[in-house]
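> Turn this into a structure:
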Amino acid sequence: MYQLLGIRHHGPGSAKAVLKALATNPPDVLLIESPADAEGLLQFVSPQTEEEGAPTHQSSIKTQNSLTPPVAMLVYNPKDIAQASYLPFAEFSPEWQAIKFALARDIPVKFMDLPMSVNFTLDEMENNNPQSEMDYFEKMTPEERAFRQDPMGHLAKLAGYTDSERWWEVMFESEENESGIFDTIHEMTTALREATEELPRTLLREAYMRQTIRKAQKEGFEKITIVCGAWHVPALSDLKKYKVSQDAALLRGIKKIKTTATWIPWSYDRLTFGSGYRSGVNSPAWYELLFSEKAEATTRWMINVARLFRKEDLDASSAHVIEAIRLSETLASLRGLAVPGIDELKEAAVTTICEGSSEKLKLIENELITGNKVGRVPDKIPTVPLQRDIERTIKSARLSKYWENTEELWLGATAAKPQGGVDIRNETGKMKSHLLHRLTILDIPWGKMMELNRHQSAGGFTEFWRLKWSPEFAIQIIEMGAWGNTVEDACINFLRKKTESTNALPALTDLVNVTLNAHLPTAFDALLKKLEDLAALTADVYHLMDAFPPLVQIAKYGNTRGTDISTVEKVVAHLVPRICIGLPSAVTNLDEDASADAFKKLQQVNRAFGILNDASFNQQWNTSLQTIATSEQTNGLLTGACTRILFDKKIITEVETSTRMYFSLSQSVAPLVAAQWLEGFLQGSGLLLLHNHSLWNLLDEWVSSLNEDNFSGVLALLRRTFSRFTPPERQRMLSLARQDKTGELQADSADYEVDRGKVILPTVRMLLGI
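From the prediction side, this is the model:
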C-alpha cells in the first residue's frame, strides 16, 4: 500500500497539499524523487519545523546551526569536476517540507531517483552519440514535438492560457487544495502520457524508482508515501504493469562513476527559469510569501512594495497601497481567480504605486518577485580545505557581508563614497585586494576591479571593486581545491601550470601583472624568468608592443606594493630598442584596418614611453617616429599621428610641421590619403588648430580646393575626425571659419556674396559636427 503525491517542484500550493496528505495519512517510510547517491546529505537536515514554535532566540541559534533554504545538493565526480549536478530546495519546495515533516517524526526518508553516478555515465554515452536523442525528436511531427516539450501547455491552451506556468499556478499553487488534488493530478498526467512517447532517460529513471518502491516493500514498510514530479506518477502507480526483470534489464550493464555530495548555498535568482534551471519558477519571492502567509499574501506584498519604494526615496503612500490591493483583487475577480496572482499584483502595482513607470517595475521584479535571498550552510557540513581557507580569509578581511550576496555591490561603499574604494596601504586593504586578485587567478570571479575613468593611475593606492557572489563558485572552489589547500598555495601551483603553458608574450605579461597584484612572490620569480626568456625569443613587433605598456606600469609602479621589479626593468630595457627598430618596417604597406590597429598600439606605446620618461629611451622612440612620419609607404593615419606626436614633444618646429602638413594636403596627394593623414594628425585635442593659424589656414585651403566628388569622398572621414573634438572646440572652429586668413572677421562689402555664404555655412557646420 502506498500513496503517490505528484507535485510541481518548488510549488507552494503543492507543498501545502503534501503536508496535508502526510498529516492525514502519516507513512512509515517516505520516498523522495532525488538521486539515491545524495541520500547521505539528509543527516544535515534539521528535523525541527516552523510550526513547532521555537522561541525567538532559539530560532536564531537554530538558523545559525542548520541548513537555511534556499540550498542545493551538489553531486559531482571528484575526478572530473565538469560532471556535476545541482539539486536546489527552497522553503516552499514540496520535497523539503516532506523531508522536514518526516524527520521531525522519526519517519525514515529514502531518495529513490536514478543515482548521479549512473546519470554521469549516461551523459558520457549521449555525448559520444548525440544522434540518439535527436532521432527521438526527429520521429515526431512538429505538433508532437511541441506537445512533448511542454505537455502542460496543451492543457493551458485549452483553458485559455498562453503560459503553462501561469495556468499551473492558478490551478494548483494559488488555490488552497486538499490532499485529494493528487488524484486529479494522477488522472491528468495519465491522459497526457498516453499521447506521447517517453524519453529513454526518463524510462531508466522510472525503472529505478519502481525498484526502490519494491525494495521498501520487501523491507516490511506497509504505508509508503512517494513524493515525486507529477509527470512520473502514472509510471509508478501500478507496479504490476511493469515486470521486475524488465526494469532490471533496463539498468543492467551501466557502469557507475564514483560521486561525492555536499550542501551548498543557493539563491532565488538561480531558482528561476531565466537562470537556465529547467525546473525553475518565475517568482520565488512571491512563492515564499504565498507559502508562509497565504491569507495575507496580497496585503503583505503590496506593503513590501511600499517599503521598498520608501527605502529608495520614492513616493509610496498608504493610499497607494490600499488602491493597489483593491485593484489586484478586482482583477482577480474579473478573471475568475480565487486570489490575485503575481500578474494581477504587478499590474495593480504598476498602475497605482509605480504610476505607469517600467523602471520602477524593474525594482519590484528584482526585489519582490525574483528576490535576492541566499541560503546558508552551517560550518559542520564537510567542505574542501580550500573552501574553509577562503571563508577564514573573508572573515579576516572583513568581507563577510559581501560573500553569499547575489546583489552587485561596490566594495566599501558609503553614503559619502558611493563607489567605495580599497586603500592598499593598510593591512586590511591589502588583505582584501590580495584575496580578490587571487580568486580571479583561480577563475572565481567574485570581484571585478573597475577603472572609474581613463586617467586613474596604476600607481595609486586605491582600488575600486564591484562584488557579486554566485552559487556556481562552489564547484569552482572544489575544482581549484586540487591545486592547494589554501588560496595562496592553490594560486602558486595553478600559476606554475599557466606559466608553463603560456607562450605568447602579451598573455604572459598579463599573468605577471595579475601575480604582482595578488602578491605572490613565490610564483613571481618563475614568471619573470619565463618572461625574460620569451621576450628574447619573440620576433613579432606587435606582440612586443602589446607587452610593453603593462610592463612599464609594473616597472614604474610595482614598488607601491613593495615588490622587487628589477627583472621587469631589465625586460623593458630589452624591449625598447627592438620595438623602435622593428616598428617602421612593421607598419609599411598596411591596409586601412591594419593601420587602425597599429595606430592604437602606437598610441599605447607612446603613453608608456611618457610614463618611463627616460632620455635614452625617448631618443630611440623619437627616431622611430621620425622614420614613420616621413615614410611614403606608410598609411597616412600613422604618418599624421607620428607628426603630431613629434610636434607635441617639440622635436619638430611649427614651421616644419606646417611644411609637412602643406605637402600632405597638397593637390598631388589623393584626397582620401590626405584625409587619413589629417585624421592621424588631429587625434586628441583640436586646440592645435585653434592656436596655430597657419595650420588652420592650410586646412582651410585644402578643404576649399576639393571639388564636389572629392569632398563627398572624404566627408565621412573628416566628420569622424572633427566629431572627436569637444563641443567648445568645434564652436570656436566655426567662428574661425567665419574669419579671413588674418584672423579678422570678414566685413560686409561688395565682394562678399551673402547668398553664397549661406549656402556654404551649413556644410561647414556639418563638417564640424555643430
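> for this protein, which strand is longest?
Using DSSP state E, we find that the single longest strand of the chain is strand 80-89.
> The next helix or strand after it - contacts with which helices or strands?
With elements assigned by DSSP states H and E, the helix or strand that comes after strand 80-89 is helix 94-104. If contacts are counted by 3 or more CB pairs under 8 Å, 6 or more residues apart in numbering; DSSP states H and E, helix 94-104 sits against strand 2-7, helix 12-24, strand 29-35, strand 109-113, strand 224-229. Where you see a C-beta, it was placed from the backbone N, CA and C, and this is true even at glycine.
> Let's see that with 10 Å instead.
Under the contact criterion of 3 or more CB pairs under 10 Å, 6 or more residues apart in numbering; DSSP states H and E, helix 94-104 touches strand 2-7, helix 12-24, strand 29-35, strand 80-89, strand 109-113, strand 224-229.
> hey, where'd the strands end up in the stretch 201-350 of the chain?
If DSSP state E, counting those that start in this stretch is used as the criterion, the strands of the stretch 201-350 of the chain fall at 224-229, 260-265.
> Tell me which of these sits most buried.
Taking mean count of other CB atoms under 10 Å as the contact definition, the stretch among the strands of the stretch 201-350 of the chain with the greatest mean neighbour count is strand 224-229, which reaches a mean of 23.
> and it with strand 2-7, angle?
Angular relation of strand 224-229 and strand 2-7 on a 0 to 180 degree scale: 20 degrees, by axes from the mean of the first three to the mean of the last three CA atoms, to 10 degrees.
> so what does strand 224-229 touch, helix or strand wise?
The elements that strand 224-229 packs onto, with contact taken as 3+ CB pairs under 10 Å, 6+ apart, are strand 2-7, helix 12-24, strand 29-35, helix 94-104, strand 109-113, helix 200-218, helix 233-236.
> What strands line up against it, and which way round?
Here strand 224-229 is paired, per DSSP bridges, with strand 2-7 (parallel), strand 29-35 (parallel).
> give me the element the residue nearest to Lys448 when sequence neighbours are not counted is part of.
Computed as CB to CB, 6 or more residues apart in numbering, the closest residue to Lys448 that is not its neighbour in sequence is Arg466, at 5.1 Å. Element membership of Arg466, judged by DSSP H and E, is strand 462-467.
> quick revisit: out of the helices and strands packed on helix 94-104, which comes closest to Phe182?
With CB to CB as the criterion, Phe182 lies closest to strand 2-7 of the helices and strands packed on helix 94-104, at 5.3 Å.
> Tell me, please, where in the stretch 151-300 of the chain the pLDDT is lower than the cut-off.
Within the stretch 151-300 of the chain, the ranges that satisfy pLDDT under 70 run 174-175, 177, 274-276.
> those helices in it, which residues are they?
Secondary structure of the stretch 151-300 of the chain by DSSP state H, counting those that start in this stretch: the helices cover 151-158, 164-168, 181-193, 200-218, 233-236, 244-251, 284-292, 297-311.
> Pro115 is nearest to which of those?
In terms of CB to CB, the element of the helices of the stretch 151-300 of the chain nearest to Pro115 is helix 200-218, at 7.9 Å.
> continuing past the helix or strand of the chain with the lowest mean pLDDT, what's the next helix or strand?
The element with the least model confidence among the helices and strands of the chain, by mean pLDDT, DSSP states H and E, is helix 56-65, at a mean of 43. Of the helices and strands lying after helix 56-65 in sequence (DSSP H and E), the nearest is strand 71-77.
> Show me what that next one is packed against.
Taking 3+ CB pairs under 10 Å, 6+ apart as the contact definition, the neighbouring helices and strands of strand 71-77 are strand 29-35, strand 80-89, helix 116-128, strand 260-265, helix 473-480.
> let's see 6 Å
Based on contacts counted as 3 or more CB pairs under 6 Å, 6 or more residues apart in numbering; DSSP states H and E, the elements that strand 71-77 packs against are strand 80-89, strand 260-265.
> Now distance to Asp247 too, for those strands, in CSV please.
Putting those into CSV (distance: least, CB to CB, whole Å) gives the following:
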stretch, distance to Asp247
strand 80-89, 23
strand 260-265, 25
